[in-house]
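Student: need a structure here:
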Amino acid sequence: MEFKGLCLGCMTNKGEAIQCPKCGYVEGTPQVLPFLEPGTLLKERYIVGKHLSANGEGVTYIGMDVTASKKVTIREYLPKTLCSRVKDDDNIIISPGNKLVYQDYLQDFMEIGRALIKLSNLPSIVPVTDMFEANKTAYIVYEYVDGKPLGEIIKRARRFTWEETRPLFLPLISTVNSAHSIGLVHFGISPENIIMTRSGTLKLQGFGSPDAHLAETELTPEFYEGFSAIEQYSLEGKKGKWTDVYAVCAVIFYALTGKRPPDAVSRSYEPRLNMPAEVAKSIPAHVVTALAGGLQVNIESRTHSMEELKNQLTNPVPRRTEPRPRPVQAPAAGYGDRYVDESDFQQPGSRTPAPPP
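Tutor: So this is what the prediction gives:
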């Protein structure tokens, strides 16, 4: 590939044009501190392009692997609450008094990278191709996935049928279960972090420090309204693989109905979800039951693992494979500690069911 005339916005050749005809990126767009300047070369191999996204843990750039002549995405550890960067210097400047916590999160970042390398052969995860330290921070390089965020696809399609949804999500659930088996919980599963490829498969991205998706930590938290579980909003809530179960079920609910669930804080006051009657009638009863179990606000009542969720989605009779996590808060009103069924999805226009005994 010829790198002269490379667009730093999409990593295609724009020739002599100042503005890329494909993505609209303008050559010479100034650096946005504390992000790296577009055009920076890392490890004498990776050209850094514009930043694509950022959260409390770091930033993701589009990039070019000049050795392999292919596009990549580059994740930089860059917690803005703990460090900064000045113009014309790529090195990170750790804020006074934050050296130890900065180093702790840096080690977490690298451990997650190493764990992802072990999972890179799984079908529903974006593979890691490289990891290295530079500029007093660290970088994880991912394979570039050609596709669109699932949220964009759902908006265009309005909603999926269960026959379309099932083959998309079962491999993703198995992949998340494999991540859980080595102690890696995502905490940020959402339509924004799931890519639908051009071949029609789903790829999960966005693994990182749990503290970037939890309240009351040293990192600025990032929540996904409708997809983050209630325990992520407080220090006391018990977090774990059941937190990802909630998020996956919320994404499936969104795919099937075309409507994002209300945020978990609101649902702590009104736990029931509205499912349009025509949607409920088109979905097998055991699937509705499985989603209701995974979308319980109270973790004591919620489906506990991805293995259990997959069993419920694929078998008409739900079955439990693991004990519930111990309760950490009072059950949501109207639920107690029972295991709920499809009646917990209220159909608009129907009478509000009486609360269970």
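Student: quick check: which ranges of the stretch 51-200 of the chain have low pLDDT?
Tutor: Across the stretch 51-200 of the chain, no stretch falls below the confidence threshold (pLDDT under 70).
Student: all helices for it, in order.
Tutor: Ranges of helices in the stretch 51-200 of the chain, per DSSP state H, counting those that start in this stretch, are 99-119, 150-157, 162-181.
Student: and the contacts of the longest one?
Tutor: Outside helix 99-119, the residues within contact range by Cβ atoms under 8 Å, 6 or more residues apart in numbering are 57-58, 77, 79, 82-83, 94-95, 125, 128, 131, 133, 137-138, 140, 175, 178-179, 182-184, 207-209, 211, 218-219. To be clear about C-beta, it is placed using only N, CA and C from the backbone, and glycine gets the same treatment.
Student: with distance to Gly39 as extra columns, can I get the helices of the stretch 51-200 of the chain in TSV?
Tutor: Below are the helices of the stretch 51-200 of the chain laid out as TSV (distance: least, Cβ to Cβ, whole Å):
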stretch	distance to Gly39
helix 99-119	24
helix 150-157	28
helix 162-181	34
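Student: could the ones you listed go into TSV alongside mean neighbour count?
Tutor: Output for these, formatted as TSV (neighbours: other Cβ atoms under 10 Å):
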stretch	mean neighbour count
helix 99-119	17
helix 150-157	16
helix 162-181	18
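Student: filter the contacts of helix 99-119 down to the buried ones.
Tutor: Buried by 16 or more other Cβ atoms under 10 Å: 57-58, 77, 79, 82-83, 94, 125, 128, 131, 137-138, 140, 175, 178-179, 184, 207-209, 211, 219, out of the contacts of helix 99-119.
Student: ranges for the strands of the chain?
Tutor: Using DSSP state E, the strands of the chain run over residues 41-42, 46-54, 58-65, 70-77, 83-84, 93-94, 128-134, 137-143, 147-149, 194-197, 202-204, 273-274, 345-346.
Student: TSV for the ones you listed, including distance to Arg267?
Tutor: Listed next are those as TSV, based on distance: least, Cβ to Cβ, whole Å:
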stretch	distance to Arg267
strand 41-42	43
strand 46-54	26
strand 58-65	30
strand 70-77	31
strand 83-84	36
strand 93-94	39
strand 128-134	34
strand 137-143	33
strand 147-149	24
strand 194-197	21
strand 202-204	24
strand 273-274	8
strand 345-346	12
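Student: sounds good, over and out.
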